[in-house]
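Engineer: any chance you can model this:
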Amino acid sequence: MSKWKIGVVAGGAAVLAAGALALDAGGRPAQADANAQASVNALARPAGQITVYAALTQQNAQAIAKAFESYDPNARVQVVTTGTGALVTRLEAEAKAHAIGADVLLLADPTAADELAAQGILSAQKPDNASRVPKADQGADWVGAYVFHDVIVYHKGMAAPVPKSWRDLTNAAYKGEIEIGDPSYSGTTMAYVGMMEMKYGWNYFSQLKQNGAAVQSSVKTVADDVARGKVEVGMTNDSAAYTLVKQGSPIGVVWPRDGAIAVPGPLAFIRGHETAVARAFANWLLSPAGQKVVASLGLSPVNGTSPTVPRGATVVQVPWAELERNRADILHQFAQLFG
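Structural biologist: Sure, this is the predicted structure:
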């Protein structure tokens, strides 16, 4: 059983990387990073179109696409959004047909990115400014563009007590009132299942099953169901949760005391699709301007501080190499329990 790497957030914001981009009080890059932004701005803004396959909500993917098009009026970005598992299946099928439609890939599961890289689908080329991203948020063929955090959401006004930990979800107080994601579809759920198995064993999921936990493919669906009162509690990620909070939905967000799970969102080029526009998009997304857009969507930037991670939150870092080795077995065991 692996030890978790845990960090406690202090000072009112989560500093996700030493030496990360700094923002001033007005949310603008500090001077050193302003210089870096100037170098990005000095790059040519190429003309052309790219297609981005993104494990994001349609709303968030479109927001990123439109922001880049504002930066580069000569570019057009088409987005295809669905869960990580569905994107992997699509890419594998397209690769066999020698007809991959994507140029840039944004996932929510580093183990899935490594799987695609092993099949030769991903390019070994990284964005020009990948060196600004912490090594912990990079793989051999991908670089993290942002960080998701797996958290708990609950319906405000529910009769049951507010859960404080992942372990609490096995309590009888939530019987029949729990939803979680499906790791075969949702990349962030893959991290959740892997980490809970490492910490508590498969008995944890057996107890969830006995407690009537239902599985939804998307963690966005889980958050939506909690918001409308279909169930009282659920596992989701912070981006899905805070999107609903901003919309005024009656949900609360719990950063579990046994650790919110940090999941970098891999950005990669498709092999043979490293066009000028694709490179410009990736470089922009990792720039201070792109990271500011990321933060506005409730995602944690890989460069800078998060606007949503609360002071004192416990954040767990995933041992991705171990999780990748166990990926097939984890998916099989989960399907056996909840299939």
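
Engineer: what's the helix or strand harbouring Val80 packed up against?
Structural biologist: If you go by DSSP states H and E, Val80 is part of strand 75-81. Secondary-structure packing of strand 75-81 (3 or more Cβ pairs under 8 Å, 6 or more residues apart in numbering; DSSP states H and E): strand 48-54, helix 58-71, helix 276-286. Placement of C-beta: from N, CA and C, glycine included.

Engineer: what's next to the second one, contact-wise?
Structural biologist: With contact meaning Cβ atoms under 8 Å, 6 or more residues apart in numbering, helix 58-71 is reached by 45, 52, 54, 56, 75-79, 81, 106, 239, 243, 281, 284-285, 289-290, 293-294, 296-297, 299.

Engineer: filter those residues to the buried ones?
Structural biologist: Those of those that meet the buried threshold are 52, 54, 56, 75, 77, 79, 81, 106, 239, 243, 281, 284-285, 289-290, 293-294, 297, 299, by 16 or more other Cβ atoms under 10 Å.

Engineer: show the average pLDDT along stretch 188-202.
Structural biologist: For stretch 188-202, mean pLDDT rounds to 97.

Engineer: what does it contact?
Structural biologist: With Cβ under 8 Å, 6+ apart, stretch 188-202 has contacts from 1-2, 4, 84, 108-109, 111-112, 148, 150, 166-167, 180-183, 204-205, 219, 235, 237, 258-259, 261, 263, 316, 318-319, 322-323, 326-327, 330-331, 333-334, 337.

Engineer: could I get the pLDDT score of Ala44?
Structural biologist: On the pLDDT scale, Ala44 is placed at 66.

Engineer: returning to what we had before: following the strand holding Val80 in sequence, what is the next regular element?
Structural biologist: That would be, after strand 75-81 and using DSSP H and E, helix 84-96.

Engineer: what residues of that following helix count as buried?
Structural biologist: Buried residues in helix 84-96, defined by neighbour count with 16+ other Cβ under 10 Å: 84-88, 90-91, 94-95.

Engineer: coming back round to it: could you export the strand holding Val80 as CSV, CA atoms only?
Structural biologist: Provided in CSV are the C-alpha atoms of strand 75-81 (Å, rounded to 0.1, in the frame of the first residue of the first chain):
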residue,chain,number,x,y,z
ALA,A,75,-6.7,31.2,-35.7
ARG,A,76,-9.8,29.1,-35.3
VAL,A,77,-10.3,26.4,-32.7
GLN,A,78,-12.8,23.6,-33.0
VAL,A,79,-13.4,21.6,-29.8
VAL,A,80,-14.7,18.1,-29.2
THR,A,81,-15.6,17.4,-25.6
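
Engineer: begin at 51 from now on, thanks
Structural biologist: In the new numbering, first residue 51, that becomes strand 125-131.

Engineer: what lines up beside that strand in the sheet?
Structural biologist: Within its sheet, strand 125-131 is paired with strand 98-104 (parallel), according to DSSP bridges.

Engineer: run the chain-centre distance for the partner strand.
Structural biologist: Relative to the chain's own centre, strand 98-104 is displaced by 19 Å; criterion: Cα atoms, centre = their mean, to the nearest Å.

Engineer: coming back round to it: the contacts of stretch 238-252, buried ones only, as a PyMOL selection?
Structural biologist: To isolate the buried ones among these in PyMOL, judged by 16+ other Cβ under 10 Å, type:
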select buried, resi 54+134+158+159+161+162+198+200+216+217+230+231+232+233+254+255+269+285+287+308+309+311+313+366+368+369+373+376+377+380+381+383+384
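
Engineer: so for Ser346, what's the pLDDT?
Structural biologist: At Ser346, the model reports a pLDDT of 89.

Engineer: ok, it to Gly362 distance?
Structural biologist: Per Cβ to Cβ, to the nearest Å, Ser346 is found 24 Å from Gly362.

Engineer: now do Val303
Structural biologist: For Val303 relative to Gly362 (Cβ to Cβ), the value is 14 Å.

Engineer: please say which of those two ends up with more neighbours.
Structural biologist: Taking other Cβ atoms under 10 Å, Val303 and Gly362 do not tie; Val303 has more neighbours (19 against 12).
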